[in-house]
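In: Based on what follows, work out the 3D shape:
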Amino acid sequence: MDSKKYKLTRFSPNELDSQKSRRAKYTIDYEGSLNPAQYEAVCAEEGAYLIIAGAGTGKTRTLVYRLAHLIESGYDASSILLLTFTRKAAKSMLDKASLLLDNRCEKINGGTFHSFANTILRKYAKQMGFESSFTILDQGDSEDVINLMRSQSGLVKEKKRFPQKQTLQKIYSLSVNTGRKIPEIVFKEYPHFIENIDEILEIQKKFASYKKGNNLVDYDDLLVYLRDFLVAKSNSAVGVLSAIKFLMVDEYQDTNHLQSEIVQALCQLKQNVMVVGDDAQSIYSFRGANFENIMQFPQLFKDVKLIKLEENYRSTPEILNFANRIYADAVVKYEKDLFSRRNTGELPMILAAANVELQSKFIVEKVLELHESGTPLSDIAVLFRSSFFSFDLEIQLAKANIPFIKFGGIKFIETAHIKDILAILRIALNPKDVVCWYRVLLLHEGVGPKTAQRILDALAEGRISLAKNPDTLDSKIVKENLFLLFKLIYDLRTKTLTPFEKVEMTVEFYYPIFKDKYDDFNKRKKDIDIFMNIASNYTSIESLLSDMAIEPPLDSVSDLGEEDKQDDFLTLSTIHSAKGLEWHSVFIIHAVDGFFPSNRSAESLETLEEERRLLYVAATRAKQNLIVTYPMNIFDRESGTTLSKPSRFLSSVTPDLAEGWLLENE
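Out: Take a look at the predicted model:
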């Protein structure tokens with residue numbers, strides 16, 4: 001007789017009937033379509049939930065299935081509020097939920113924090129002291145109104161430095177969104193304006209008064225008014241809160257202080273809230289995002305249930321092991337260990353190149369090799385901490401005729417300060433370049449359009465000659481503060497100098513103007529260092545200026561639709577612009593300590609940890625190949641060419657996690 005094994009389990013007949021009837025009413029096989037952690041999150045109903053969704057773990061899929069599950073469980077779709085960070089994300093999720101279930105999902109309230117606020121404010125504007133026909137100011141509009149207040153205030157003295165309209169708008173917005181006082185922001189971010197604090201505060205009051213008096217609200221006001229309306233709990237506010245049965249928030253790690261307050265305000269009556277995010281991908285503090293929000297969420301609500309999504313569907317196990325090691329050293333984090341059931345791949349590579357130029361040439365060759373082996377250029381990305389890290393690479397790609405598209409930051413030659421330097425060099429090469437003359441002349445204090453035109457006329461008529469020593473110039477035509485400019489152009493044209501020496505001489509002249517012109521000159525000066533580094537690789541100024549004339553598109557990577565991805569372009573992107581995307585092969589360049597992380601970020605644990613998260617985000621964009629590169633010798637304006645060290649975040653990466661390679665000139 002065959003021996004058989006049996007399993008006996010106690011059960012209540014009523015309980016079994018209940019489970020059967022419950023599953024029978026669902027048209028979707030949730031358990032069969034999801035992994036265990038996703039299924040647990042999808043089946044979650046009443047209560048507070050924090051879903052830590054690691055990179056590539058199916059976060060969107062989980063949210064979409066939960067929307068369908070709530071509706072199939074009998075809840076009214078209009079009682080569900082889904083808050084996201086882009087309209088595109090909200091629309092995509094609701095569309096997918098409708099395809100998964102049916103058109104009941106169209107009744108879900110989904111949108112951004114700002115769009116939801118706008119809907120509520122239009123309905124209850126009079127209760128908040130303004131008309132429902134209010135106009136919303138975008139960032140440019142806000143800057144223009146601030147500039148009007150700045151001009152009319154009488155507080156800005158001539159010949160005394162004062163923040164520009166963009167700087168003031170950024171200070172005011174940061175204060176609203178982070179909950180920090182304006183003096184604190186000025187002291188930390190713009191210490192050179194601390195003596196102007198009273199005027200900055202006065203202009204803010206005038207700005208607020210002007211908006212109120214003219215029925216205007218800006219983006220920040222939308223959120224402030226919404227929070228205040230909800231917290232006041234008027235009859236109308238209670239009506240709004242009562243209608244919301246379930247709140248879901250996507251990308252919670254990117255919320256700021258004000259948005260966190262709104263989430264709490266929305267849950268005053270019912271604490272049925274699920275926030276989804278990843279502490280390891282919190283990288284937007286410069287926009288006001290607060291890393292503490294996701295870390296402190298369990299303290300904000302009662303009996304918060306934590307669910308971790310750790311199975312990754314994007315990357316090879318080798319890439320995940322590398323990324324896990326990078327984040328394992330994080331000081332404050334939710335413990336998680338990404339894993340994959342994908343086939344094993346090659347170990348990530350860490351490449352030390354002798355210099356920036358060799359780093360660029362290696363990447364060009366590797367991209368061509370990948371392309372030849374069948375990987376489309378559109379499935380390859382080069383990622384960097386800051387936009388200027390890719391400037392040398394852009395030149396090498398152009399020489400190799402590799403088409404690329406760049407996201408994040410402004411194109412190198414389109415940054416205003418680099419344009420200024422290039423304009424001076426182009427005048428020295430071609431004195432008939434009227435456009436460059438006009439730009440350079442207007443850089444000087446006291447030189448307006450009329451004076452500039454008078455000088456241009458004199459040059460055209462030969463009354464000013466660049467072939468003669470500037471000491472002979474007519475002081476009636478050339479203002480006193482322009483003599484140094486003409487002396488520089490005379491020297492650039494007559495002296496035998498290398499391209500690097502010409503650029504260095506130009507920068508020495510330009511630097512005082514540069515510091516006066518830009519409030520954020522500290523951030524911009526790295527661009528100038530990189531430009532000098534590029535110039536050191538050239539033997540003629542003509543070829544340098546020719547190679548600088550590259551003009552790739554400047555679209556936002558998040559706005560790139562599927563139809564735009566059909567063209568085969570290599571992607572160059574800042575890591576911030578690459579979040580949420582993926583490629584077959586990813587290069588992370590310029591992983592140099594002092595640059596990534598930057599020296600400034602190393603001043604505090606908070607900013608240093610965000611730099612670590614940036615590297616983690618970059619690494620987890622790769623599906624099959626990951627290559628991290630850094631130049632061993634870099635140029636710095638103050639200390640010249642110096643020996644660099646790899647990013648400190650790579651120090652704990654052992655040979656079993658990544659292969660190390662050295663690249664030198666033969």
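
In: if you skip the residues just before and after it, what's nearest to T57?
Out: L309 (3.9 Å; C-beta to C-beta, 6 or more residues apart in numbering). All C-beta atoms are positioned from the backbone trio N, CA, C, and that covers glycine.

In: Now the one you found, what are its backbone angles?
Out: Phi and psi for L309, reported as degrees, to the nearest 10, are phi -100, psi 110.

In: Quickly list what it is bridged to.
Out: For L309, the beta-bridge partners under DSSP bridges are A53.

In: so what pLDDT did it get?
Out: Predicted confidence (pLDDT) for L309: 97.

In: Tell me where the longest strand sits in this protein.
Out: Ordering each strand of the chain by length in residues (DSSP state E) puts strand 622-636 first.

In: quick revisit: pull the contacting residues for the residue nearest to T57.
Out: Taking C-beta atoms under 8 Å, 6 or more residues apart in numbering, we find L309 in contact with 37-38, 41, 51-54, 57-59, 62.

In: got these as a markdown table, with secondary structure and distance to A289 columns?
Out: Listed next are the contacts of L309 as a markdown table, based on DSSP: H, G, I helix; E, B strand; the rest coil; distance: C-beta to C-beta, whole Å:
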| residue | secondary structure | distance to A289 |
| --- | --- | --- |
| A37 | helix | 25 |
| Q38 | helix | 25 |
| A41 | helix | 23 |
| I51 | strand | 18 |
| I52 | strand | 16 |
| A53 | strand | 17 |
| G54 | coil | 18 |
| T57 | coil | 21 |
| G58 | coil | 23 |
| K59 | helix | 17 |
| T62 | helix | 22 |
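
In: okay if I get the residues you listed as CSV plus pLDDT and distance to I418?
Out: Formatted as CSV, the contacts of L309 follow (pLDDT from 0 to 100; distance: C-beta to C-beta, whole Å):
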residue, pLDDT, distance to I418
A37, 96, 48
Q38, 97, 48
A41, 96, 48
I51, 97, 44
I52, 97, 42
A53, 96, 40
G54, 94, 39
T57, 95, 41
G58, 94, 42
K59, 94, 39
T62, 96, 44
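
In: would you turn those residues into TSV with distance to K645 and neighbour count?
Out: Compiled in TSV, the contacts of L309 are given as follows (distance: C-beta to C-beta, whole Å; neighbours: other C-beta atoms under 10 Å):
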residue	distance to K645	neighbour count
A37	39	19
Q38	41	25
A41	42	24
I51	38	27
I52	33	25
A53	34	28
G54	29	27
T57	33	25
G58	38	20
K59	35	22
T62	40	24
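
In: Closest one of those residues to L614?
Out: G54 (16.0 Å; C-beta to C-beta).

In: What sits closest to that closest one if chain neighbours are left out?
Out: Spatial nearest neighbour of G54, excluding adjacent residues (C-beta to C-beta, 6+ apart): L338 at 4.8 Å.

In: how close does the one you found get to K526?
Out: Going from L338 to K526 by C-beta to C-beta, to the nearest Å gives 33 Å.

In: that older thread, which residues does the residue nearest to G54 contact?
Out: So L338 contacts 54-57, 310-312, 315, 320, 323-324, 620 (C-beta under 8 Å, 6+ apart).

In: Nearest to D593 among the contacts of L309?
Out: G54 (26.6 Å).

In: picking up where we left off before, return the closest of the contacts of L338 with respect to F649.
Out: The nearest member of these to F649, counting by C-beta to C-beta, is A323 at 11.0 Å.

In: The closest one: neighbouring residues, count only.
Out: Burial of A323 is recorded as 28 neighbouring residues (other C-beta atoms under 10 Å).

In: what helix or strand does the one residue sitting closest to the centre of the chain sit in?
Out: The centre of the chain sits closest to H576, judged by C-alpha atoms, centre = their mean, with a distance of 3.5 Å. Assigned by DSSP states H and E, H576 belongs to helix 575-578.

In: Does the residue nearest to the centre of the chain touch S386 like I think?
Out: No - using C-beta atoms under 8 Å as the test, H576 is too far from S386 to be in contact (9.6 Å).

In: and the residue nearest to G54, what are its phi and psi?
Out: Per-residue torsions, L338: phi -70, psi 140 (degrees, to the nearest 10).

In: From K526, how far out is T27?
Out: To K526, T27 is 57 Å away according to C-beta to C-beta.

In: my bad, E606
Out: For E606, the distance to K526 - C-beta to C-beta - is 22 Å.

In: Same check on S540?
Out: The gap separating S540 from K526 is 26 Å, by C-beta to C-beta.

In: which phi and psi does the nearest residue to L241 once chain neighbours are set aside have?
Out: With sequence-adjacent residues excluded and distances taken as C-beta to C-beta, 6+ apart, L241 is closest to L269, at 4.6 Å. In terms of degrees, to the nearest 10, the main-chain angles of L269 are phi -100, psi -40.

In: What of T112?
Out: Dihedral angles phi and psi of T112 (degrees, to the nearest 10) take the values phi -90, psi 170.

In: where does the stretch 351-500 of the chain dip in pLDDT?
Out: By pLDDT under 70, the low-scoring segments of the stretch 351-500 of the chain are 409-414, 433, 470-481.

In: ranges for the helices of it?
Out: For the stretch 351-500 of the chain, the helices defined by DSSP state H, counting those that start in this stretch occupy 356-372, 391-399, 416-429, 434-441, 449-460, 483-494, 499-517.

In: Tabulate those (CSV), appending mean neighbour count and distance to V217.
Out: Converted to CSV, the helices of the stretch 351-500 of the chain look like this (neighbours: other C-beta atoms under 10 Å; distance: least, C-beta to C-beta, whole Å):
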stretch, mean neighbour count, distance to V217
helix 356-372, 19, 47
helix 391-399, 21, 40
helix 416-429, 20, 31
helix 434-441, 18, 37
helix 449-460, 14, 37
helix 483-494, 17, 46
helix 499-517, 17, 32
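
In: Show me which of the contacts of L338 is closest to R342.
Out: Distance to R342, by C-beta to C-beta, is smallest for S315 among the contacts of L338, at 7.3 Å.

In: Pretty sure that closest one sits in a strand.
Out: No - going by DSSP: H, G, I helix; E, B strand; the rest coil, the assignment for S315 is coil, not a strand.

In: tell me how far stretch 333-346 is from the chain's mean position?
Out: With C-alpha atoms, centre = their mean, to the nearest Å as the basis, stretch 333-346 stands 25 Å off its chain's centre.

In: Can you name the element that comes right after the worst-scoring helix or strand of the chain on mean pLDDT?
Out: Ranking every helix and strand in the chain by mean pLDDT, DSSP states H and E puts helix 13-24 at the bottom, with a mean of 53. Where DSSP H and E defines the elements, the next helix or strand beyond helix 13-24 is helix 30-33.

In: Name the residues that touch that following helix?
Out: 39, 42-43, 65, 69.

In: Name the nearest residue to A44, ignoring sequence neighbours.
Out: M274 (6.5 Å).

In: Dig out what that neighbour forms beta bridges with.
Out: Per DSSP bridges, the residues bridged to M274 are Y49, M248.

In: returning to what we had before: quick one: which of the contacts of helix 30-33 is nearest to L347?
Out: The shortest approach to L347 among the contacts of helix 30-33 belongs to Y39, at 33.0 Å (C-beta to C-beta).

In: who's in contact with the helix or strand hosting that closest one?
Out: Take DSSP H and E as the rule and Y39 turns out to sit in helix 36-43. Here helix 36-43 makes contact (C-beta under 8 Å, 6+ apart) with 30-31, 34, 49, 51, 58, 61-62, 65-66, 69, 274, 307-311.

In: at 6 Å what do you get?
Out: With C-beta atoms under 6 Å, 6 or more residues apart in numbering as the test, helix 36-43 has contacts from 30-31, 51, 58, 62, 65-66, 69, 307, 309.
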